[in-house]
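>>> take a look and give me a structure for this.
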Amino acid sequence: MTKWLLVSVGLGLGFLFPGATVQNGITAVTEKDRQAIVQAIEDEIYDWGCQSHVEFVGKKIAPETYELRVYINPQLKEGRGEIIYKFMPIGEIYRSFSMGKSGIAYLWDDPWLGFGPERPSYNTLYMDEADLCRYKNKWPQATFIMQSHPDERRIQEATKRQKQRLGENYRAHDQNCSVKGG
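Here you go, the predicted structure:
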């Protein structure tokens, strides 16, 4: 009887949440997760003022508007995952993120500290090339859009979301893409 009840509940949850397959703490990244990750990347770049550095690494899709790729590990382990994307002028970054219960993506580490080899998130320059190529070939891709000169409202919205994400850890900065390096 107990086994039948567990199977029934499991099947019911599977129909209610088809993208949320859980096994050993591992869940699949959903489309909603992908959208939240893209939003977090765009918000951070706009909040830091780094959007003008994408013109040489993004695909131009309109005047002053560029499309860039993000590679997303298709599995979350206990709500944590990894992404690879270009965060200019720093470079291409291998970065951890976590998904909050509210559906908000939280990018790990602080751009101001740079993304050196000693950091939990780091420039892909410090990765094994075979691993980097394997991830880029196997992980699904999403795209994010950056405008070199977005309107002020877009910047304000990004900053507001960043403050909500980071809470008391939010550090006001000059928004001129100033990083210590890494």
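>>> tell me the contacts of residue 76?
26-29, 33, 99 (CB atoms under 8 Å, 6 or more residues apart in numbering). In this view, the C-beta of every residue, glycine as well, is placed from N, C-alpha and C.
>>> quick check on these: which are buried?
27, 29, 33, 99 (16 or more other CB atoms under 10 Å).
>>> which one of those sits closest to residue 72?
Lowest distance from residue 72 to these (CB to CB) belongs to residue 29, with 5.8 Å.
>>> who's in contact with the closest residue to that closest one other than its chain neighbours?
Nearest non-adjacent residue to residue 29, counting by CB to CB, 6 or more residues apart in numbering: residue 74, 5.3 Å away. By CB under 8 Å, 6+ apart, residue 74 lies in contact with 28-29, 139-140.
>>> which two from these end up farthest apart in space?
Maximum pairwise distance among the contacts of residue 74 (CB to CB): 12.4 Å, between 28 and 139.
>>> nearest the middle, which residue of this protein would you pick?
residue 37 (3.9 Å; CA atoms, centre = their mean).
>>> sec struct for residue 42, please.
helix (DSSP: H, G, I helix; E, B strand; the rest coil).
>>> residues contacting the spatially closest residue to residue 58 that is not a sequence neighbour?
Leaving aside its chain neighbours, residue 58 sits nearest to residue 66 (3.0 Å; criterion: CB to CB, 6+ apart). The neighbours of residue 66, taking CB under 8 Å, 6+ apart as the test, are 54-55, 57-60, 145-148.
>>> which one of these is nearest residue 116?
Using CB to CB, the contacts of residue 66 come closest to residue 116 at residue 57, 20.0 Å.
>>> model confidence for that closest one, exactly?
Predicted confidence (pLDDT) for residue 57: 87.
>>> my guess is it meets residue 85, correct?
No - counting by CB atoms under 8 Å, residue 57 stays clear of residue 85, with 10.0 Å between them.
>>> in this structure, where is pLDDT below threshold?
Of all residues in the chain, those with pLDDT under 70 make up the ranges 1-22, 173-174, 179-182.
>>> the strands in the chain, which residues?
Counting by DSSP state E, the chain has these strands, from start to end: 22-23, 26-28, 59-62, 65-72, 75-77, 80-87, 91-99, 105-107, 122-123, 141-147.
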